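A.B. asks: Output the structure for:
(one chain, ligands or ions: 2)
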Amino acid sequence: MREQVFLYDTTLRDGTQGEGISLSVDDKLKIVTKLDQLGVHYIEGGWPGSNPKDMEFFRRVQELHLKKSTITAFGSTRRSGGSAENDENLLKIIESKVGTVAIFGKAWDFQVQEALRTTLAENLQMISDSVRFLKSHGLEVIFDAEHFFDGYKANKNYAMKALFAAEDAGANCIVLCDTNGGTLPHEISEIVKDVCGKVHIQVGIHCHNDGELAVANSLIAVQAGARQVQGTINGYGERCGNANLVSIIPNLQMKLTYTCVEEEHLKKLTSIAKYVHEIANQTAPSNQPFVGRSAFAHKGGMHVSAVLKHPQTYEHVLPELVGNNRRVLVSELSGQSNLMFKAQEWNIKLDKKDPTSKQLLETIKIKEHEGYQYEAAEASFELLVKQSYGSLKDYFILDYFKIFIEKNGDESFSTEAVIKLCIQDEIILTAAEGNGPVNALDHALRKALEQFYPIIRNMHLSDYKVRVLDETEATASKVRVLIESTDGQEKWSTIGVSANIIKASWLALVDSVQYYLMKNDDVIELVYPQKTNNSLGVSNH
Ligand SMILES: CC(=O)SCCNC(=O)CCNC(=O)[C@H](O)C(C)(C)COP(=O)(O)OP(=O)(O)OC[C@H]1O[C@@H](n2cnc3c(N)ncnc32)[C@H](O)[C@@H]1OP(=O)(O)O
Ligand SMILES: CC(=O)C(=O)O
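C.D. replies: Residues are numbered from 1 along each chain as shown. Ligands and ions are numbered 1, 2, ... in the order given. Below you'll find the predicted structure:
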């Protein structure tokens, strides 16, 4: 029988204490909807006594019809020397109309003396008064014992008294917080076990990641008896962050024997992690466990060879179980197996023994040595494979291009490109201006191609990156140009390498256009059959 572990998400509160994370009320409401769909039990919306935004959140969240999640408010125990009934923070919690609240109180004598500047007895009274007050208003009360593990190590007797004060006042759950994030797994295990043997209400765990152990500490706390786990999506939070629920959930559910969410909801983890990164305006780390783009990306030839035989050889879980997917990267570290996998994706039949495959692998390794990086430019790689196997239709031939850059008297520069192409036996000469040489070339190329392939209007370049490959050569250095393009739906990346930045850009640009035309060949054939029935070569590769 699997035991239930309750999830308590604090992305909207502790998560926003992370540097660079700021969420509007609308952002918070969107995240709440997703967490409810995942099946998170508690969602801490914010601190009503902190700011008007959080107060507005608690007003508006009542309009959502949540299926699974309970919204909770956060706050501290009453101020030292005051009364709970008159405490502004506690009154704001009541005003927020939540049914559940988490209040934090000090469990470390050092903190009581240094941060609160009050007596140990008054702190226990603050905990007790605050819990009792909130309970008298009919709330479910979760008591977050701040700095519990440091407090336990410094003065176990006092740390336990803080917990008993909350329990005796009627708290429903006691959460042990590793607030400074420095506790080690074996300490967490021993201390949680001890506490679970001494209190009679549910015990929870709240870990920070300062020792990069927040996930491990949360898991071991559950094994030691904790039944509520607090954390954030993607591990956002104060300093180095909170325990990452996106990793905790599959570990508890797939590796250990606990239930947190319904089995089929595990598949939502990848999309929810991405969604929250997007809303929080954060770059998703590609190596994020379980859900990152690289979490199941295999690069070494040996690994790919084995994974193709059985995924378990280099994967700890199947990617689809958490909504992710397996990827194979191509680089100088590839073997034939990498090529086989990629070719399969494009419906090309490759034979490991075929000399063309061997030749292709050698070409890749030589090109990577020259500075190409195909794992970052899969569209260029696909073109290379198709060209090697003679299945690439060429759409235009470059005769020449010329670029004119003029510096005018008023400090401004003007740039113009002239291009001559052969497209379907016709010679086309176009000129265009741009705000730089690559932009002018792009415009001139499009002007020529649009006459034959109007579909080209649907695509544009969305990113252009240049990397100097050998800095010691200064302006004579080789450069790698990576271009990202999009048609509004798909994105693709292409690459060019040369000591001449214009040439490198041209190579990447031509690949980008060529790739788009190739991907839309059926449309081109359908709409302009008379213009595509010959095959012309572009000497780009
Ligand atoms: C471990 C955690 O993550 S706890 C959550 C931390 N998060 C935040 O602080 C974000 C939201 N905070 C805020 O908006 C503000 O700090 C407020 C509105 C809550 C308080 O603001 P201010 O009244 O200006 O106080 P300030 O932030 O400067 O100091 C905190 C006060 O709370 C007191 N305090 C700290 N912990 C507790 C506690 N558990 N119980 C009661 N009082 C506490 C401190 O002693 C200090 O009191 P002092 O001003 O008498 O020295
Ligand atoms: C309560 C809380 O956020 C902490 O102790 O880290």
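A.B. asks: Between the two ends of stretch 94-106, how far is it?
C.D. replies: End-to-end distance for stretch 94-106, by CA to CA, to the nearest Å: 22 Å.
A.B. asks: Can I get stretch 372-388 as PDB, trimmed to CA atoms?
C.D. replies: Output in PDB follows, covering the C-alpha atoms of stretch 372-388 (Å, rounded to 0.1, in the frame of the first residue of the first chain):
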ATOM      1  CA  TYR A 372      31.000  23.600 -36.500                       C
ATOM      2  CA  GLN A 373      28.700  22.500 -33.700                       C
ATOM      3  CA  TYR A 374      25.900  20.500 -35.100                       C
ATOM      4  CA  GLU A 375      24.200  19.800 -31.800                       C
ATOM      5  CA  ALA A 376      23.300  23.500 -31.800                       C
ATOM      6  CA  ALA A 377      22.200  23.500 -35.500                       C
ATOM      7  CA  GLU A 378      20.200  20.500 -36.200                       C
ATOM      8  CA  ALA A 379      18.700  22.000 -39.400                       C
ATOM      9  CA  SER A 380      22.200  22.300 -41.000                       C
ATOM     10  CA  PHE A 381      22.900  18.700 -39.900                       C
ATOM     11  CA  GLU A 382      19.700  17.400 -41.500                       C
ATOM     12  CA  LEU A 383      20.700  19.200 -44.700                       C
ATOM     13  CA  LEU A 384      24.200  17.700 -44.600                       C
ATOM     14  CA  VAL A 385      22.800  14.100 -44.100                       C
ATOM     15  CA  LYS A 386      20.300  14.600 -46.900                       C
ATOM     16  CA  GLN A 387      22.900  16.000 -49.200                       C
ATOM     17  CA  SER A 388      25.200  13.100 -48.500                       C
END
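A.B. asks: which residues sit against that stretch?
C.D. replies: Identification of contacts with stretch 372-388 by CB atoms under 8 Å, 6 or more residues apart in numbering yields 299, 329-331, 339, 342-343, 346, 348, 356, 359-360, 363-364, 367-368, 392, 480, 482, 485, 492-495, 497, 508, 511-512, 514-515, 518, 541. C-beta here means a position set from N, CA and C on the backbone, and glycine is covered the same way.
A.B. asks: Buried only: go through those for me.
C.D. replies: Buried members of the contacts of stretch 372-388, scored by 16 or more other CB atoms under 10 Å, are 299, 329-331, 339, 342-343, 348, 360, 363-364, 367-368, 392, 480, 482, 485, 492-495, 497, 508, 511-512, 514-515, 518.
A.B. asks: about what we covered before: give me the subset of the contacts of stretch 372-388 that lies in strands.
C.D. replies: Among these, the ones falling in strands (DSSP state E) are 480, 482, 485, 492-495, 497.
A.B. asks: how does the protein divide up, domain by domain?
C.D. replies: Domain ranges of the chain: 3-261, 263-328, 330-395+458-505+517-541, 396-452, per automatic domain parsing.
A.B. asks: between the ones you listed, which gets the lowest average pLDDT?
C.D. replies: In terms of mean pLDDT, the lowest-scoring of the domains of the chain is domain 330-395+458-505+517-541 (a mean of 84).
A.B. asks: Now do it: distance to the chain's middle.
C.D. replies: With CA atoms, centre = their mean, to the nearest Å as the basis, domain 330-395+458-505+517-541 stands 27 Å off its chain's centre.
A.B. asks: Surely residue 438 is within a helix?
C.D. replies: Yes - with DSSP: H, G, I helix; E, B strand; the rest coil as the criterion, residue 438 is located in a helix.
A.B. asks: Show the contacting residues for it.
C.D. replies: So residue 438 contacts 464, 502, 505, 509 (CB under 8 Å, 6+ apart).
A.B. asks: now swap in residue 143 and tell me
C.D. replies: For residue 143, the contact set (CB under 8 Å, 6+ apart) comprises 102-105, 127, 131, 163, 166, 171, 173-175.
A.B. asks: What of residue 513?
C.D. replies: 395, 445, 449, 456, 459.
A.B. asks: in what helix or strand does the third one lie?
C.D. replies: The reference is to residue 449. helix 437-450 (DSSP states H and E).
A.B. asks: mind listing what's buried in that helix?
C.D. replies: The neighbour-count check on helix 437-450 (16+ other CB under 10 Å) flags 437-449 as buried.
A.B. asks: Convert the C-alpha atoms of it to CSV, please.
C.D. replies: Extracted C-alpha coordinates of helix 437-450, given in CSV (Å, rounded to 0.1, in the frame of the first residue of the first chain):
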residue,chain,number,x,y,z
PRO,A,437,25.5,43.5,-44.2
VAL,A,438,23.7,40.3,-43.1
ASN,A,439,20.3,42.0,-43.0
ALA,A,440,20.9,43.5,-46.5
LEU,A,441,21.9,40.1,-47.8
ASP,A,442,18.9,38.5,-46.3
HIS,A,443,16.6,41.1,-47.9
ALA,A,444,18.2,40.7,-51.3
LEU,A,445,18.1,36.9,-51.2
ARG,A,446,14.4,37.0,-50.2
LYS,A,447,13.6,39.5,-52.9
ALA,A,448,14.9,37.0,-55.5
LEU,A,449,13.4,33.9,-54.0
GLU,A,450,10.0,35.3,-53.2
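A.B. asks: contacts for the helix or strand following that helix?
C.D. replies: Under the assignment DSSP H and E, the closest C-terminal helix or strand after helix 437-450 is strand 460-468. Counting contacts by CB under 8 Å, 6+ apart, the residues outside strand 460-468 that touch it are 438, 442, 477-487, 491, 501, 504-505, 509, 512.
A.B. asks: Try it again at 10 Å.
C.D. replies: Strand 460-468 is contacted from outside by 371, 373, 376, 436, 438-439, 442, 446, 474-475, 477-488, 491-495, 497, 501, 504-505, 508-509, 512-513, using CB atoms under 10 Å, 6 or more residues apart in numbering.
A.B. asks: who does it pair up with?
C.D. replies: Within its sheet, strand 460-468 is paired with strand 479-486 (antiparallel), according to DSSP bridges.
A.B. asks: what residues are up against the residue positioned nearest the centre of the chain?
C.D. replies: By CA atoms, centre = their mean, the chain has its centre lying nearest to residue 284, at 2.6 Å. Shown in contact with residue 284 (CB under 10 Å, 6+ apart): 234, 270, 273-274, 276-278, 291-293.
A.B. asks: Thanks a lot, see you next time.
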